[in-house]
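**Q** have a look at this prediction, sequence included:
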Number of protein chains: 2
Amino acid sequence: MTASTVQGRDPASLRRHNLRTLLRHLHLQGATSRVRLGEVTGLTRSTIADLVGELAERGLAVETGSSRPQSGRGRPPMIVSPREETAYVLAVSVDVDTIGIGRVGLGGTLLEESEARHERGPGDPAASVSQLVRLIHAEVEPFEHAPLAVGIAVPGLVRAEDGVVTRAPNLGWRELNLAERLRDELRFTGPIVIGNEARLAALAEHRRGAGRDCADLVYVSAGVGVGGGIVTHDRLLTGSTGYAGEVGHMITNPGGRSCHCGGRGCWETEIGADALLSQVGVVAPTNRHTALEELFAGAERSDPEVLEAFRRMCPPVAVGLANLVNVFDPRRVLLGGWLRLMLRHTGEELRTALDQLRGLPELPADLRTARFGEQGRLLGAAEAAVSGFLAELR
Amino acid sequence: MTASTVQGRDPASLRRHNLRTLLRHLHLQGATSRVRLGEVTGLTRSTIADLVGELAERGLAVETGSSRPQSGRGRPPMIVSPREETAYVLAVSVDVDTIGIGRVGLGGTLLEESEARHERGPGDPAASVSQLVRLIHAEVEPFEHAPLAVGIAVPGLVRAEDGVVTRAPNLGWRELNLAERLRDELRFTGPIVIGNEARLAALAEHRRGAGRDCADLVYVSAGVGVGGGIVTHDRLLTGSTGYAGEVGHMITNPGGRSCHCGGRGCWETEIGADALLSQVGVVAPTNRHTALEELFAGAERSDPEVLEAFRRMCPPVAVGLANLVNVFDPRRVLLGGWLRLMLRHTGEELRTALDQLRGLPELPADLRTARFGEQGRLLGAAEAAVSGFLAELR
DNA sequence: ATGATTTGTAAGAGGTAAAAACAAATTTGC
DNA sequence: GCAAATTTGTTTTTACCTCTTACAAATCAT
């Protein structure tokens, strides 16, 4: 993400700004009539016609003579739609064991998706990088047009100013300029945007999920660890080093156990997978993943033991949520991972615990389940890629 | 704060944008040569000349044939300065017992300041409003020109979208549209911006204080209560109801005492004035204010008993700071109120407590004392007023 | 004093969007 | 069916803003 200097200076930048506004609207709202575009942007019919013409020429939009339903009388309007065939981004989700790739059209629909085992070298990102290059090439190969941009979700810290992955402990990466390495090996000149997976999942929820209408949003997802992302003023929080929104390391129990981050009493140690599993009597499982799957399955069939475990977890979960709500004052709080199950099955208890902790009954927190599960990070990577493309649009 | 629709649409809005950019630069950076303005904005000499001409005509800027020191050879540049005499804002700080008013010139200097006892009615804001009107009129009276805007700091919750004071318990206000009431009684058509005092103090630190170069900033001030404000991406956080940044009600001790907010274990109950005073053996003082003054005086002369109290307060203070740092990842943390004294006298202990709690030694928190004390909220109100003026600039 | 350098000024050109006038497509009313 | 009303698209003209270019002014270096 290169820091764009000034928004608008000369007439040309004014046009870029208007083109961007139109494209962003098409991406987020989908097919829109020309007239509606005019109302939204404040531009006149003639200007809209001109701008849309340019978008069509560039292969970013298509105009279709109005589709079916005729609402008023007058001449039926022309409908402008994002052109997914030629205008798409590539979304990549790098995980510890797998790499997911998706092609997402302008407009936000996931056109294709594929997954591969992540063949990574010990501590050395070289193997990962070259596998990424192969996978991306394979994904783009069948299509005539190159992607507009590439977005990559990574389980690690990403410095906002330059997109460098400063630390990804689970991958063994440190200070890796992934975008630069990929740009060199990929022969791709468009924007390559890197982001933390949880932050990108939050972005996906904000743009297309359960937080579409919320300018201020807190997203928390509990799995093995506790990740999250925060949107304020319709923007994803990054902080000065990309650590912002790393809610798992709030200190919710100052006297608690020490955390792998080096801190003490982190939320993650209180409500992470191990804490949850210990509530059903599973301590130090041989395979944490399958143990969790079993627990989740138990929740689905309303196993009383599992529900009781959820109930006992409500207070520590509520402490963290109370903190977040009291500091960020979000319009909505979205819960992912197994917190979704908790909200669904023992939501009443969770809300009660939260209300008791934080007071302010006239400003109740709006807890909801996140819309996307595993797919969130991929969709978020796509959204970040689109934003990157729009930012660099010339 | 009326939500401005689009940034730039037509050529006229482009000019407005450029005028705004120039004015903002002059306000924040002070006198600047024309050439430098061109470098900063990317505009050409001729355009700068034109724009500066308009600013001068409007009484917002003055051009002075270059002052003294000649650096290079060529023709000496013309210097553009904000014109404080005609371009100023009014800053107001409404407090429980006093009302402070200041005249702040474009450029940020406090030109005059005055204070009056706050004569408020019981629960009814009418008396306060009419006193504000009188004080503001008296302040503006001697000057030919009306202020560009008015900014008001209030000890209460201010809804960001419409500037309504939703709750100010210490004043007995609820759902008060202060801006509207003042606009009617004041016969003033310019922007009137209302903000929470702690948030505005944070803004002042960001724009002119100890956080000038920080896009991400956490400000915490402890007095009787614990207030704060948070800046991210160079913007003040407001949240959906203006509660964002109300750090005193983070829950730092889930098992702690109940707080007046209705919550439990709030940071404010852990590190507020009463908690601090109890550390020096003062419980339920007859006059909390004078007891605090005494304690602070003790700190100034390094009274060992007071320093020991500070030391004992380090852990609970550190818990809240660790939370904030881990969630916001700020470039810097600014401490106000008596936390300034704590940092100055027992900073070593505070930093140690913080580091032990939060781990991440490679991302150390940068704790600093805030620059402004009581004056911060007034200067912040002025900054908010200038922002309001720039936003409404036509 | 002369040339180099930097900055200010003025006139003309280019690009962008708005305004106005007109054309096209559809519904409504008869 | 046909005309009027309505809405939208298209074309032309106009206005605005900034840039480019050329030239003038003010200072320093030699």
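**A** Now that the structure is in, tell me what you want to look at.
**Q** how about the helices in the stretch 101-250 of chain A?
**A** Applying DSSP state H, counting those that start in this stretch to the stretch 101-250 of chain A gives helices spanning A:126-140, A:178-186, A:197-208.
**Q** cool, and the stretch 251-394 of chain A?
**A** Counting by DSSP H, counting those that start in this stretch, the stretch 251-394 of chain A forms helices over residues A:267-271, A:273-279, A:288-300, A:304-328, A:338-358, A:376-392, given from the N-terminal end onward.
**Q** residues in contact with residue A:394?
**A** Under the criterion of C-beta atoms under 8 Å, 6 or more residues apart in numbering or on different chains, the contact list for residue A:394 reads residue A:16. Using the backbone N, CA and C atoms, a C-beta is placed for each residue, glycine as well.
**Q** near DNA strand C, which residues of chain A?
**A** For chain A, the residues in contact with DNA strand C under the definition C-beta under 7 Å from any atom of the strand are A:11-12, A:14-15, A:18, A:42-47, A:50-51, A:65-66, A:70, A:72-76.
**Q** mind listing which of those residues are in strands?
**A** Counting by DSSP state E, the part of the residues of chain A next to DNA strand C found in strands is residue A:65.
**Q** about what we covered before: could I get the helices of the stretch 101-250 of chain A as a markdown table with distance to residue A:99, mean pLDDT and mean neighbour count?
**A** Formatted as a markdown table, the entries for these read as follows, by distance: least, C-beta to C-beta, whole Å; pLDDT from 0 to 100; neighbours: other C-beta atoms under 10 Å in any protein chain shown:
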| stretch | distance to residue A:99 | mean pLDDT | mean neighbour count |
| --- | --- | --- | --- |
| helix A:126-140 | 6 | 96 | 17 |
| helix A:178-186 | 13 | 96 | 17 |
| helix A:197-208 | 12 | 98 | 28 |
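**Q** check contacts around residue A:253.
**A** For residue A:253, the contacting residues are A:265, A:269-270, A:316, A:319, B:254, by C-beta under 8 Å, 6+ apart.
**Q** excluding its backbone neighbours, what's nearest residue A:83?
**A** By the measure of C-beta to C-beta, 6 or more residues apart in numbering or on different chains, the closest residue to residue A:83 outside its immediate chain neighbours is residue A:62, 4.7 Å from it.
**Q** among the residues of chain A next to DNA strand C, which ones are buried?
**A** By the neighbour-count criterion of 16 or more other C-beta atoms under 10 Å in any protein chain shown, those include these buried positions: A:14-15, A:18, A:43, A:47, A:51.
**Q** can stretch A:76-91 be said to contact DNA strand D?
**A** Yes. With C-beta under 7 Å from any atom of the strand as the measure, stretch A:76-91 is seen reaching DNA strand D through A:76-78.
**Q** would you check how far apart residue A:351 and DNA strand D are?
**A** With the distance defined as C-beta to the nearest atom of the strand, to the nearest Å, residue A:351 ends up 45 Å from DNA strand D.
**Q** excluding its backbone neighbours, what's nearest that residue?
**A** When the adjacent residues along the chain are set aside, residue A:351 lies closest to residue A:367, with 6.4 Å between them (C-beta to C-beta, 6+ apart).
**Q** residues in a beta bridge with that neighbour, which ones?
**A** Here residue A:367 shows beta-bridge partners residue A:333, assigned using DSSP bridges.
**Q** hang on, the earlier thing: filter the residues of chain A next to DNA strand C down to the ones near chain B?
**A** Judged by C-beta under 8 Å from any C-beta of the partner chain, the overlap between the residues of chain A next to DNA strand C and the neighbourhood of chain B comprises A:11, A:14, A:18, A:42-43.
**Q** the residues you listed in helices, which ones?
**A** Assigned to helices by DSSP state H, the following of those qualify: A:11, A:14, A:18.
**Q** can I get these in JSON lines with pLDDT?
**A** As requested, these are exported to JSON lines (pLDDT from 0 to 100):
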{"residue": "A:11", "pLDDT": "91"}
{"residue": "A:14", "pLDDT": "94"}
{"residue": "A:18", "pLDDT": "96"}
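**Q** what residues does the stretch 151-300 of chain A have near chain B?
**A** Where proximity means C-beta under 8 Å from any C-beta, the interface of the stretch 151-300 of chain A facing chain B comprises A:214-216, A:230, A:232-233, A:235, A:237-247, A:249-254, A:259, A:261-265.
**Q** buried subset of those as a PyMOL selection?
**A** Paste this into PyMOL to select the buried members of these, with burial taken from 16+ other C-beta under 10 Å:
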select buried, chain A and resi 214+215+216+230+232+233+237+238+239+240+241+242+243+244+245+246+247+249+250+251+252+253+254+259+261+262+263+264+265
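**Q** how near is whatever residue of the stretch 1-150 of chain A ends up closest to DNA strand D to residue A:44?
**A** Ranked by C-beta to the nearest atom of the strand, the top residue of the stretch 1-150 of chain A for proximity to DNA strand D is residue A:74, at 1.9 Å. With distances defined as C-beta to C-beta, to the nearest Å, the gap from residue A:74 to residue A:44 amounts to 17 Å.
**Q** hang on, the earlier thing: contact partners for the residue of the stretch 1-150 of chain A closest to DNA strand D?
**A** Under the criterion of C-beta under 8 Å, 6+ apart, residue A:74 has no neighbours.
**Q** how does it look with 10 Å?
**A** residue A:35 (C-beta atoms under 10 Å, 6 or more residues apart in numbering or on different chains).
**Q** that one and residue A:323, how far apart?
**A** Shown here: residue A:74 relative to residue A:323, a distance of 54 Å by C-beta to C-beta.
**Q** likewise for residue A:125?
**A** Relative to residue A:323, residue A:125 is positioned 35 Å away (C-beta to C-beta).
**Q** neighbour count: those two, which is higher?
**A** Comparing residue A:125 with residue A:323 by other C-beta atoms under 10 Å in any protein chain shown, the one with more neighbours is residue A:323, at 28 against 20.
**Q** show me what from chain A comes close to DNA strand D.
**A** If contacts are counted using C-beta under 7 Å from any atom of the strand, the residues of chain A sitting beside DNA strand D are A:9-11, A:33-35, A:45-46, A:49, A:72-78.
**Q** any weak-confidence spans in the stretch 51-200 of chain A?
**A** Counting by pLDDT under 70, the stretch 51-200 of chain A contains low-confidence residues at A:67-70.
**Q** at 90 what do you get?
**A** Along the stretch 51-200 of chain A, segments meeting pLDDT under 90 span A:65-73, A:121-124, A:160-161.
**Q** dig out what the residue of it found nearest chain B forms beta bridges with.
**A** In the stretch 51-200 of chain A, the residue found nearest to chain B is residue A:167; the distance is 8.3 Å by C-beta to the nearest C-beta. Applying DSSP bridges to residue A:167 yields these beta-bridge partners: residue A:157, residue A:174.
**Q** and for it, the neighbour number?
**A** Each residue near residue A:167 was counted by other C-beta under 10 Å, and the total is 21.
**Q** ok, it - contacts?
**A** Applying C-beta under 10 Å, 6+ apart, the residues near residue A:167 are A:156-159, A:173-176, A:241-243, B:360, B:362-363.
**Q** how about 7 Å then?
**A** The contact partners of residue A:167, taken as C-beta atoms under 7 Å, 6 or more residues apart in numbering or on different chains, are A:156-157, A:174.
**Q** roughly how far apart are residue A:168 and residue A:263?
**A** According to C-beta to C-beta, residue A:168 and residue A:263 sit 19 Å apart.
**Q** quick revisit: okay, and which of the residues of the stretch 151-300 of chain A next to chain B map to strands?
**A** Counted as lying in strands by DSSP E, out of these, are A:230, A:232, A:235.
**Q** of those, closest to residue B:198?
**A** Proximity of these to residue B:198 was ranked by C-beta to C-beta; the top entry is residue A:232 with 17.2 Å.
**Q** any idea how far DNA strand C is from the closest one?
**A** Between residue A:232 and DNA strand C the computed distance is 29 Å (C-beta to the nearest atom of the strand).
**Q** ok, residue A:99 next?
**A** Distance check for residue A:99 against DNA strand C: by C-beta to the nearest atom of the strand, it reads 40 Å.
**Q** still on that earlier bit, most widely separated two among the contacts of residue A:253?
**A** Across the contacts of residue A:253, no pair lies farther apart than A:269 and B:254, at 14.1 Å, counting by C-beta to C-beta.
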